[in-house]
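In: Build me a model:
(2 chains)
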2 protein chains.
Amino acid sequence: MKILVCQTKPKVGDLEENYNSILRHYQSALNLNADICLFPELAISGYFAEDLFTQKNFLEDIQIKVTKLISITEHTCLLLPTPILEQNGLLYNGVIAAKHGKVIGLTYKHELPNYGIFDEKRYFTNGIPSIIIINDKKIGIPICEDIWFNKVCNNLKEQGAELFLVPNGSPYEKGKMQERVNIVKQRFNETQVPIIYCNQALGHDGIVFDGRSFCYDGEVKVIGKAFETDQQLVEIVDNKFRCTTTYDLNLNIYDEIFYAMVLGLRDYVLGNGFTKVILGLSGGIDSALVAVIAQKALGKENVTSYMLPSKFTSKESVEDAENIANNLNIIFKSIDISKIFESFLLTLDKDIPIKESSITFQNLQSRIRGTILMAKANETGSLLITTGNKSEYATGYATIYGDMNGAFNPIKDIYKTELYELVRHINKTMNVIPQRVITKAPTAELAPGQKDSDSLPEYPILDRIIEDHIENNLDQYELSKKYDSELVQRIVKMVRKAEFKRKQSAPGVKISKRNFEKERRFPITNLYK
Amino acid sequence: MKILVCQTKPKVGDLEENYNSILRHYQSALNLNADICLFPELAISGYFAEDLFTQKNFLEDIQIKVTKLISITEHTCLLLPTPILEQNGLLYNGVIAAKHGKVIGLTYKHELPNYGIFDEKRYFTNGIPSIIIINDKKIGIPICEDIWFNKVCNNLKEQGAELFLVPNGSPYEKGKMQERVNIVKQRFNETQVPIIYCNQALGHDGIVFDGRSFCYDGEVKVIGKAFETDQQLVEIVDNKFRCTTTYDLNLNIYDEIFYAMVLGLRDYVLGNGFTKVILGLSGGIDSALVAVIAQKALGKENVTSYMLPSKFTSKESVEDAENIANNLNIIFKSIDISKIFESFLLTLDKDIPIKESSITFQNLQSRIRGTILMAKANETGSLLITTGNKSEYATGYATIYGDMNGAFNPIKDIYKTELYELVRHINKTMNVIPQRVITKAPTAELAPGQKDSDSLPEYPILDRIIEDHIENNLDQYELSKKYDSELVQRIVKMVRKAEFKRKQSAPGVKISKRNFEKERRFPITNLYK
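Out: Got it, this is the predicted structure:
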């Protein structure tokens, strides 16, 4: 039995494009004489369609495409993952099996994730999975979350399943690939049924699906590229898979993170109808990294960088910014904000004089820069990308309507210390970020002699506490057993107080176990200590 | 049998304050010799605690308070709505009944809303409701959503329920009160069991709980004040309720909306530790209304208004703004933005000259104003409140990082046409908004002779289409049957394209059937036509 595993890019709402993609792969499956053509979860609608799933015409338009796809099927069985609206008005997340122009089977997702970034119970009803017989073989189709628990697989095994084909919409996060393999291995050990895991490859509003489809027959073989669309014909003979190309199971963690950011940014920019981006380069490490990501994602000709110096900007920062831009071959412009800043101070001082180095004084510079960058974005039809890291967003060390301005933030979900590691890793192959950017002390340069460490604990300890707090969901009491309790209290309070900023922040690429957008959902008004 | 119905203000996370409030009401119930002391849903934790419900110490701290409350009970039965963490690790939304220091019963919410603004399946497991016998009477306790379907009430009736006590966390929206009464009437007609509906009264991140607790015994009696905390002793004799004070069932719709905005703003500002707010007054109707709301919510001494004129600001707008501030007795300041604007143009023109009246040119003025207001907010420790209406946010007719700046937006969920009606209504009693503000054509005054109608369809038709699209979830096809299809297409596209702005917008008071924050959840990257 031959299965064409199609690692596609189902774009949210783009029914025409998704339809065409499915059609192309299906033609290829026919040409390759495959028995089955397999796609990722919700391949026709896109996975994170949210409330589009409640719209009548969206579901009707999907049905039209599905009917057309069924009608063109020949001897290869098309396994088409799609929302299925039943006569009773309930919507299911399911798979339609079609052959020779007819539906030959139907199955439904049973486990609906409703935690983390997932809200499937908002849209779908859980269904009862059934095996589908294709060319005399009993195929079980656990859909995504179904494979994470033993219930569905055991049930399909009882129904006689000889092969599991798993359509997925499995978002990237650090270490996720190994988790997937472990869980699939577990299902295999319980059932002895060989498994093909078919993932998608795209970025959608910062959620990245990293591809890396694989099969497992007692041994793991990665059959889909990482962070790219792909297809591969897999043959199963005597319960063992044969395939022509395999990929490394383990990527370097920083390569993984970097590719995720690149794909996340690219698909956000292009998916929203833009090709060009702009960003502010401060000479610091965060914006330097974002420039590298942008250049990689969109091409050097599509990235314009702005250095926006004030009297607090060091000569070194200006040099470093320009060097970064030159190393990346991206456009570099410098606009001095001093005159505008003076003009604000003159105007505002008439009312209440603004104290030098006060928060107001600092934020004002950041907001002037944000306003200039938005003017440039408006003027050139570019997207402004923003450059705050997770340590800053956790503690609120960022200016809302200032440096937080922007449509997208590739580095939103990595900690400052992690970012340094990533930059060191990138430099090993590309060597684009000047050494001084890595070694100098972090500073916002909004007041004379300012350092991040004036306002924040040192990053190594800060990041460990935040990571335990956010990602591992440790509360103040638990944290106080591991760290200095005064420091813990200070940081937990900072995190709570910054919720209003994060609620108004740009989306960013999910990298960690728990990101700040859809995944960690906290009230703004929160009086819990 | 006497029941003290306590319409409290359960603040999210404020366990100490919620505990004290429950204690005070319970003491009062004892003094009144009540049989039962009834509270709203999740009275100890607050309703929209979101991911706090996943935090171990939050649940433990709740348990400590619950244990203390149980221990102090005497002959009055305390019905305490609280999250209940069972030994199996599952969390329920339930009610504990306690008397003479002991738990005498326990019941669980069965219907968990997971649509609209609700995500209860993210946190809670649905439980099986049981009746609780209190002073020989069989009490059924359907919790909030349980009353909206007949399943739980029928089941409790079969268990012998003689009285339904319903703890609620029922958010305000236009017309909601009548809906509640209708549904309760239906449950009564099905079961013949008298019902007390106990709601909470507070604003939380823009969701307003409007109080108005009521009872139904074949006839409706409103026993709790609108938009305020309250308590009332209700006696039930021969299946009929007796109470001392009743309130109007039907409020004027504009009074209702206004009170909701006032409470929503007040509780947001105070709940986040602020007392003072600032806002920009443009001389237009939106900011005029927000000034009225702010003055009512926080007191005239806590509201500072800024007129920020440019050369495009008319003399009339300056006069109108000042008159509004004078009528409301709030602080008024004027800061001319011309010098700052010129300075931006001078600096930016060195790179690419900015065309007069271009979008860049217009947005720049709005962002200068936003930056000045944030400087004032930072300097005075005030919250900036923002003033865009739903028509603007739907179509994207607002400047991100400009006039969208602010922590909270009281008028975010009402249409421009509705806003005019509201202002006319307010003027009937307060007469604070100059007639000219109501009669002049809406304009952003960012370019010479500019009118809203240059960029937007006329508000009366625009608002009807948006309302059908957003609130009634009509799609493009359905809308085209009712309205001009080209206009529909244009508007639907505007709504889709503005998603990125709304995602970064300040929270606002929910007034409509479907607001733009937690309720209508759309992807930013959305290629559906």
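In: Just checking the helix or strand bottoming out on mean pLDDT in chain A against chain B, any contact.
Out: In chain A, no helix or strand scores lower on mean pLDDT, DSSP states H and E than helix A:452-455, which sits at a mean of 88. No - Helix A:452-455 lies apart from chain B when judged by C-beta under 8 Å from any C-beta of the partner chain; the minimum separation is 14.8 Å. For the C-beta atoms, the positions are set from N, CA and C on the backbone; glycine is no exception.
In: Are there helices or strands packed against that helix, and which ones?
Out: The contact analysis (3 or more C-beta pairs under 8 Å, 6 or more residues apart in numbering or on different chains; DSSP states H and E) places helix A:452-455 against no helix or strand.
In: next SSE after that helix?
Out: helix A:459-466 (DSSP states H and E).
In: mind listing the helices for the stretch 1-150 of chain A?
Out: A:15-31, A:56-71, A:120-123, A:150-158 (DSSP state H, counting those that start in this stretch).
In: Could I get the average pLDDT for the longest one?
Out: In this case it means helix A:15-31. In this model, helix A:15-31 carries a mean pLDDT of 98.
In: can you tell me if that helix touches chain B.
Out: Yes - contact of helix A:15-31 with chain B (C-beta under 8 Å from any C-beta) involves A:15, A:17.
In: who's in contact with the helix or strand harbouring residue A:491?
Out: Secondary structure assignment for residue A:491, by DSSP H and E: helix A:485-497. Outside helix A:485-497, the residues that touch it by C-beta atoms under 8 Å, 6 or more residues apart in numbering or on different chains are A:394-396, A:457, A:461-462, A:465-466, A:469-470, A:475-476, A:479-480, A:522, A:526, A:528.
In: of those, buried ones?
Out: A:394-396, A:457, A:462, A:465-466, A:469-470, A:475-476, A:479-480, A:522, A:526, A:528 (16 or more other C-beta atoms under 10 Å in any protein chain shown).
In: ok so, going back, switch the helices of the stretch 1-150 of chain A over to TSV; also include distance to residue A:380 and mean neighbour count.
Out: Shown next, in TSV, are those (distance: least, C-beta to C-beta, whole Å; neighbours: other C-beta atoms under 10 Å in any protein chain shown):
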stretch	distance to residue A:380	mean neighbour count
helix A:15-31	27	18
helix A:56-71	33	16
helix A:120-123	38	20
helix A:150-158	51	18
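In: Quick check: which of these is nearest to residue A:314?
Out: helix A:15-31 (47.9 Å; C-beta to C-beta).
In: Where do the strands of the stretch 201-350 of chain A begin and end?
Out: A:201-204, A:207-210, A:214-216, A:220-222, A:230-237, A:240-242, A:277-280, A:303-307, A:331-334 (DSSP state E, counting those that start in this stretch).
In: Could you give the separation of the lengthiest helix in chain A from the chain centroid?
Out: Criterion DSSP state H: the longest helix present in chain A is helix A:359-380. Distance of helix A:359-380 from its chain centroid, counting by C-alpha atoms, centre = their mean, to the nearest Å, is 27 Å.
In: same check, this time on stretch A:466-473
Out: 19 Å.
In: quick one: terminal-to-terminal distance for it?
Out: Distance across stretch A:466-473, first residue to last, is 9 Å (C-alpha to C-alpha, to the nearest Å).
In: pLDDT (mean, whole number) over that stretch?
Out: Per-region confidence: stretch A:466-473 scores 95 on mean pLDDT.
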